[in-house]
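>>> Fold the following for me, if possible:
(2 chains)
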Amino acid sequence: MKKVSIDPITRLEGHGKIEIFLNDDGDVANAYLQIPELRGFEKFCEGRPVEEIPRIVPRICGV
Amino acid sequence: MAKLKLALYWAGACGGCDVAVLDVNEKILDVANLADIVFWPIALDFKYHHVEAMPDKSIDVCLFNGCVRSSEQEHIAKMLRAKSKVLVSFGSCACFGGIPALANFSTRAEIMERVYIEAPSNENPNKTLPQTKVKVAEGELTLPELFEDVLTLAQVVPVEYFVPGCPPTVDLILKVVNALATNSLPPVGAIIASDKTLCDECDRKKENKKITKIYRTQEIIPDPERCLLEQGLLCMGPATRGGCGALCVKVNIPCRGCFGPPPGVADQGAKLVSAIASIYEAKDEKDIARMVNEVVDPAGTFYRFGMSNSMLKRKRSQKR
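Numbers count the residues shown, from 1 in each chain, chains lettered A, B, ... in the order given. Take a look at the predicted model:
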């Protein structure tokens, strides 16, 4: 099956790629959105003092 | 003069560095006069294969922000290194690891577990974790491999210049742009910021007073005129390079060190420990124990932006 990759997705905050699979007629059989990035705020905010969190989580998205 | 070719990229980042470039406001027109932007995912629709197709050293300057944490980010870092004459480590994440490097206090497995299985907003009964390769009905999908450690850009490829800051300030960005415009770049390896500490550019009064208690920021309202450290608030000023214009301390908030260590300091956290030790009134072991207890999250505070670049690099792993 033919595959069209859109990598990276642009003009948005963050990282993404789209894989589009085409069938024999050239029609879209299926498409997948993938996020090829992870920083792990859910984990590394644990144990930080609560008053520091407002200075850490803005870095989830700075746009 | 032919226009410069400029690339901007974000690896493990939040986009704040990219937005900081836009914060130069109308000066962005000067940048546009000076350079053609050939790659900038946040703003322009160039793909990785476009960059791949460029001849080596055909990009004049690449501003690379974000940490390197995955095989994809490493690959793009190496690709942009090869394609660029000048590679700039742009922002605290690229220079020191930044906030994402707080992940170096956990293992990759702990992060995966928390993010994809434990987090209360998840519904993942099969406990599926991201895989580098997955077979689907139509074919195969791939994802980059997540590294065990968060790395700086310079830990992966050689870098010509460093522009620290979370994000770099407009003044520093314009300094870089002007240096490019006038072809007056500093010697390779230069850190484009102040050569002094934040304390040197902070105009708060220092009275060389000893402190007897370390406060958390919500416990006191600090005097806006006096040194925050001398009022018992943990301020990274003595262990941090200046160049930010003292933005945080000007609004009565202690510095967290996003400009990294000052010249001559190998380890930012160790430098702050030394600064606190010299200011804390400790007469005996009991006082010292009290001081240690008053610092709620020493590693996460002293290495808030600098874990990758520190001597620690990461939390020592248990036997694996």
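>>> For the closest residue to chain B within chain A, which non-adjacent residue is spatially closest?
As assessed by C-beta to the nearest C-beta, chain B sits closest to residue A:62 within chain A, at 2.3 Å. For the C-beta atoms, the positions are set from N, CA and C on the backbone; glycine is no exception. Closest residue to residue A:62 apart from its sequence neighbours, by C-beta to C-beta, 6 or more residues apart in numbering or on different chains: residue B:16 at 2.3 Å.
>>> Relative to residue B:248, how far out is the one you found?
15 Å (C-beta to C-beta, to the nearest Å).
>>> more crowded one of the two?
Per other C-beta atoms under 10 Å in any protein chain shown, whichever of residue B:16 and residue B:248 has more neighbours is residue B:16, with 25 against 21.
>>> what does chain A have sitting close to chain B?
A:1, A:3, A:6-8, A:10-15, A:19, A:21, A:29-30, A:32, A:34, A:36-40, A:42-44, A:46-49, A:51-52, A:55-56, A:58-63 (C-beta under 8 Å from any C-beta of the partner chain).
>>> again, 6 Å this time
Contact residues (C-beta under 6 Å from any C-beta of the partner chain) of chain A with chain B: A:1, A:7-8, A:10, A:13, A:19, A:21, A:29-30, A:32, A:36, A:38-40, A:42-44, A:48-49, A:51, A:56, A:59, A:61-63.
>>> Just the ones in strands from those residues, please.
Among the residues of chain A next to chain B, the residues falling in strands (DSSP state E) are A:19, A:21, A:29, A:30, A:32.
>>> What is the burial count for the fourth one?
So that's residue A:30. Quick note: residue A:30 (other C-beta under 10 Å) scores 14 neighbours.
>>> Residue ranges in the stretch 101-250 of chain B under the pLDDT threshold?
Within the stretch 101-250 of chain B, not a single segment meets pLDDT under 70.
>>> Please tell me how far the nearest residue to residue B:106 once chain neighbours are set aside sits from residue B:196.
In space, and not counting its chain neighbours, residue B:106 is closest to residue A:43: 5.1 Å by C-beta to C-beta, 6+ apart. Distance, residue A:43 to residue B:196, using C-beta to C-beta: 36 Å.
>>> now residue B:236
Taking C-beta to C-beta, one finds residue B:236 at 14 Å from residue B:196.
>>> quick one, which of those two is more surrounded?
residue B:236 (31 against 13).
>>> Quick one: residues contacting the nearest residue to the more buried one once chain neighbours are set aside.
The spatially closest residue to residue B:236, leaving aside those adjacent along the chain, is residue B:257, at 3.6 Å (C-beta to C-beta, 6+ apart). Listed by C-beta atoms under 6 Å, 6 or more residues apart in numbering or on different chains, the contact partners of residue B:257 are B:236, B:240, B:268, B:304, B:305.
>>> now with 8 Å?
Neighbouring residues of residue B:257 by C-beta atoms under 8 Å, 6 or more residues apart in numbering or on different chains: B:236, B:239, B:240, B:268, B:272, B:302, B:304, B:305, B:306.
>>> ditto for residue B:220
B:231, B:232, B:233.
>>> how many neighbours does the second one have?
Look at residue B:232: counted by other C-beta under 10 Å, it has 20 neighbours.
>>> Likewise for the last one?
Residue B:233 sits with 21 neighbouring residues when counted by other C-beta under 10 Å.
>>> How is the closest residue to it other than its chain neighbours assigned, secondary-structure-wise?
Excluding the flanking residues, the one nearest residue B:233 by C-beta to C-beta, 6+ apart is residue B:254, at 4.7 Å. Secondary structure, DSSP: H, G, I helix; E, B strand; the rest coil: residue B:254 is coil.
>>> how far away is residue B:254 from residue B:218?
12 Å.
>>> Those two: which is more packed in?
Using other C-beta under 10 Å, the more surrounded residue of residue B:254 and residue B:218 is residue B:254, with 19 against 9.
>>> Tell me who's in contact with the more buried one.
Contacts of residue B:254 by C-beta under 8 Å, 6+ apart are B:217, B:228, B:229, B:233, B:234, B:235, B:236, B:237, B:248.
>>> Next: residue B:37.
Residue B:37 touches B:6, B:7, B:8, B:43, B:44, counting by C-beta under 8 Å, 6+ apart.
>>> pLDDT (mean, whole number) over the helix or strand where it lies?
If you go by DSSP states H and E, residue B:37 is part of strand B:35-39. Taken as a whole, strand B:35-39 carries a mean pLDDT of 95.
>>> Who are the packing partners of the helix or strand just after that strand?
The C-terminal neighbour of strand B:35-39 among helices and strands, as given by DSSP H and E, is helix B:48-52. On a contact count with 3 or more C-beta pairs under 8 Å, 6 or more residues apart in numbering or on different chains; DSSP states H and E, helix B:48-52 meets strand B:35-39, helix B:71-83.
>>> quick one, which of those is packed in tightest?
helix B:71-83 (a mean of 20; mean count of other C-beta atoms under 10 Å in any protein chain shown).
>>> Quick check, pLDDT for the residue of the stretch 1-150 of chain B found nearest chain A.
Going by C-beta to the nearest C-beta, chain A is nearest to residue B:16 of the stretch 1-150 of chain B, at 2.3 Å. The confidence metric pLDDT takes the value 97 at residue B:16.
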